[in-house]
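Student: Please find the sequence and the predicted model below.
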Amino acid sequence: MNETPHVLDETSDDANVLSFLRAQFARLHHRLDGIDHKLLELTERVGTLELTTASLHRDIGSLAEVDAHISARLDRIAIQVDRLDRYTGIATPRL
């Protein structure tokens, strides 16, 4: 049995199937490239958002520290006013 190698001619069903598969794989490859590009863009945008969020957290922490300092200072002022009231005998109305 002497078999000759199977050669595809342009009109055979095998050639049509291969042509169809090549076209489908090319289409799929193009779509996957688009998805990769969008994923990269989204990853970059999320990274930017993470940096912005970290900056906001830092600013909020700084504001909380300033608020604590102001509250402590107001407490010290209230203590001094109370001492002055006791010393002078003048009662100041409290809000």
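Tutor: Nice, I can see it. Residues are numbered from 1 along each chain as shown.
Student: can you give me the helices in the chain?
Tutor: Taking DSSP state H as the test, the helices found in the chain are 13-88.
Student: Nearest to the spatial middle of it, which residue is it?
Tutor: The chain has Val46 as the residue nearest its centroid, 3.1 Å off, counting by CA atoms, centre = their mean.
Student: confidence score at that residue?
Tutor: Model confidence at Val46, expressed as pLDDT, equals 97.
Student: go on, Val66?
Tutor: Val66 is given a pLDDT of 95.
Student: and it, how many residues sit next to it?
Tutor: 10 (other CB atoms under 10 Å). All C-beta spots, glycine's among them, are computed from the backbone N, C-alpha and C.
Student: Repeat that for Ile70.
Tutor: 10.
Student: Make residue 1 into 703 and carry on from there
Tutor: With the count now opening at 703, the last piece we talked about shows up as Ile772.
Student: That one and Asn718, how far apart?
Tutor: 80 Å (CB to CB, to the nearest Å).
Student: cool, and His759?
Tutor: Distance from His759 to Asn718, counting by CB to CB: 61 Å.
Student: With Thr790 instead?
Tutor: Using CB to CB, one gets 106 Å for the distance from Thr790 to Asn718.
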